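1. compute the structure for the input listed below.
(one chain, ligands or ions: 1)
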Amino acid sequence: MKDKRKSSIGFSYAWNGIKEIAKTEHNFRIHLVATILTTVAGFTFRLSNVEWAIIVLTIGLVLMAEVMNSAIEKMIDYLKPEIHPSAKIIKDIAAGAVLITAVIAFIVALIIFLPKLDSIF
Ligand SMILES: Nc1ncnc2c1ncn2[C@@H]1O[C@H](COP(=O)(O)OP(=O)(O)OP(=O)(O)O)[C@@H](O)[C@H]1O
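-> Numbering: from 1, shown residues only. Got it, this is the predicted structure:
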């Protein structure tokens, strides 16, 4: 019982973190919109189970990278609020991780949706 309460408190802290990022991070909101559009496209093109699994994993990868990037940005702003070359490179590297996942998501979208668009036109 005690463990259950503890884990639900942990979940509420995690949810609080996600809400904070959704409120403050512009890029995260853009990725949420992309998630909604991709989901609509998925239903429109009647994706197979395997295609859905790949799309869900890819969306998760991008959102997770965005959340980790935001955590790193906030940590740097807290530890090193002034301009510093190390602060710059740490934030640039974290942003690089998001860029990699966004490129992967774009390629996955091309592989899955292009043939379906092709069959329509
Ligand atoms: N303290 C700092 N010292 C040096 N360069 C910084 C510092 N903070 C940010 N930068 C540079 O500015 C870039 C953008 O940083 P910022 O914290 O605004 O990230 P962002 O991606 O614009 O964040 P947000 O998602 O909040 O808009 C970083 O990638 C880094 O190159």
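2. next one: the host helix or strand of Thr38 to chain centre, how far?
-> Secondary structure from DSSP states H and E places Thr38 in helix 26-44. Its chain's average C-alpha position is 10 Å from that of helix 26-44, according to C-alpha atoms, centre = their mean, to the nearest Å.
3. for Glu51, grab the count of nearby residues.
-> By the criterion of other C-beta atoms under 10 Å, Glu51 has 17 neighbours. Bear in mind the C-beta positions are built from the backbone N, C-alpha and C, glycine included.
4. coming back round to it: got the angle for whichever helix or strand comes after the helix holding Thr38 vs helix 26-44?
-> Sequence-wise, the next helix or strand downstream of helix 26-44 (DSSP H and E) is helix 49-79. Between the axes of helix 49-79 and helix 26-44, defined by axes from the mean of the first three to the mean of the last three C-alpha atoms, to 10 degrees, the angle is 170 degrees.
5. list the contacts for Phe106?
-> Contact analysis of Phe106 by C-beta atoms under 8 Å, 6 or more residues apart in numbering lists nothing.
6. what strand or helix carries it?
-> helix 85-120.
7. does that helix reach the ligand?
-> Yes: judged by C-beta under 6 Å from any ligand atom, helix 85-120 and the ligand are in contact via 87-88, 91-92, 95.
8. so the helix holding Thr38 versus helix 85-120, what angle?
-> Using the same axes, to 10 degrees: helix 26-44 against helix 85-120 is 20 degrees.
9. what does helix 26-44 rub up against?
-> Looking at helix 26-44 with C-beta under 8 Å, 6+ apart, the contacting residues turn out to be 21-22, 51-52, 55, 59, 62-63, 66-67, 70, 98, 105, 109, 113.
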